[in-house]
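K.L.:
Mind looking at a prediction? Sequence and model below.
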Amino acid sequence: MKDFIHFFGTTGNKDIFFKKIRSPGGLYLSVDETNIIIDPGVNTFYKYIHTYEDKIDGIILSHIHIDHSNDLNILVEFMTNGGQTKQGTLLVPNQAIEDKVLYDYVKDFPKQLNRIKPNTSYKIKNIEITSSIEHKHGVETYGFQIKTKNHNIGLVTDTAYFPELLNSYQGCELLIMNVPYYIQDKPKPKHLDIPATEEFIKIIKPEKLILTHFNSNILNSNPILLASKLSQKYGIDVIAAEDDMILNL
Ligand SMILES: [Zn+2]
């Protein structure tokens, strides 16, 4: 089977998806015969069942915000045949359990429920997933390194920039980064912008970088143009994600 990542949607911003400018939704990673849904936001379940027939081996949640977690429970039901088959692995921050973002009644459905700890490795079938240090995002949030047979993929989810963050993504040749801002304009930032992205490029030196999770701030500055400017400046492949983009690995 081909290895790929499907970007169901490319925004988490309510203004953008309420106005139907971009779709919300998570990522679907199908690599080394392992199928994982990451951050199942609004629409993820619907898009998944209308596109794929495959069994899901695991679900990863970076944090509880609704643009990441909305379809979590229905996907747990789907992965486990409505709780009839104890299978699959779930990785969630402890807060998702404490705040009942993961419903109590589905908690025991998967074969394994892991409460994510920082800098810790987990296995979903053939894939190794290592959590980052805790991100700074106002709620308990983790990014991930995903190690496959041929790739080392960094998923840099929502966070303010701080230099220690970079240690968690060393060695990644592919970075997928949530960058809603061209220039962060909030006094207490909770997200990344293009100058922060440049710090990642300089230190991590990825071969390829995907920008996603756009809000109006970066969309007004044309992310495709920003991506091509970064490509030229640093001599790496930078892509601005589109809804339903398939990235072949
Ligand atoms: Zn968030």
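P.N.:
Arrived safely, thanks for sending.

K.L.:
Enumerate the residues of this structure near the ion.
P.N.:
65, 158 (C-beta under 5 Å from the ion). Where C-beta positions appear, they are placed from N, C-alpha and C, glycine not excepted.

K.L.:
list the contacts for the closest residue to Pro180 other than its chain neighbours?
P.N.:
Closest residue to Pro180 apart from its sequence neighbours, by C-beta to C-beta, 6 or more residues apart in numbering: Asn215 at 3.9 Å. The contact partners of Asn215, taken as C-beta atoms under 8 Å, 6 or more residues apart in numbering, are 11-13, 15-16, 180-181, 191.

K.L.:
Check Pro180 too.
P.N.:
12-13, 191-193, 213-215, 217-218.

K.L.:
can you map out the helices along the protein?
P.N.:
14-18, 44-51, 66-69, 72-79, 94-98, 194-204, 216-219, 223-234 (DSSP state H).

K.L.:
Mean pLDDT lowest where, among the ones you listed?
P.N.:
Of all the helices of the chain, helix 14-18 carries the lowest average pLDDT, namely a mean of 86.

K.L.:
Quick one: the strands in the protein, in order.
P.N.:
4-7, 27-31, 34-38, 58-60, 89-92, 112-115, 121-124, 127-134, 142-147, 152-156, 174-178, 208-212, 237-240, 245-248 (DSSP state E).

K.L.:
Grab the nearest non-local neighbour of Val106.
P.N.:
Val76 (4.6 Å).

K.L.:
distance of that neighbour from the ion?
P.N.:
According to C-beta to the ion, to the nearest Å, Val76 and the ion sit 20 Å apart.

K.L.:
got a list of what that residue touches?
P.N.:
Counting by C-beta under 8 Å, 6+ apart, Val76 has contacts 59, 88, 90, 102, 106, 109-110.

K.L.:
got it, and Phe214?
P.N.:
Phe214 touches 10-11, 13, 16, 22, 179-180, 223, 240, counting by C-beta under 8 Å, 6+ apart.

K.L.:
same check, this time on Thr120
P.N.:
Counting by C-beta under 8 Å, 6+ apart, Thr120 has contacts 130-131.

K.L.:
Find the least confident helix or strand in this structure, judged by mean pLDDT.
P.N.:
Within the chain, no helix or strand scores below helix 14-18, which has a mean of 86 by mean pLDDT, DSSP states H and E.

K.L.:
buried ones in stretch 104-113?
P.N.:
Within stretch 104-113, the residues that count as buried by 16 or more other C-beta atoms under 10 Å are 106, 109-110, 113.

K.L.:
All set now, cheers.
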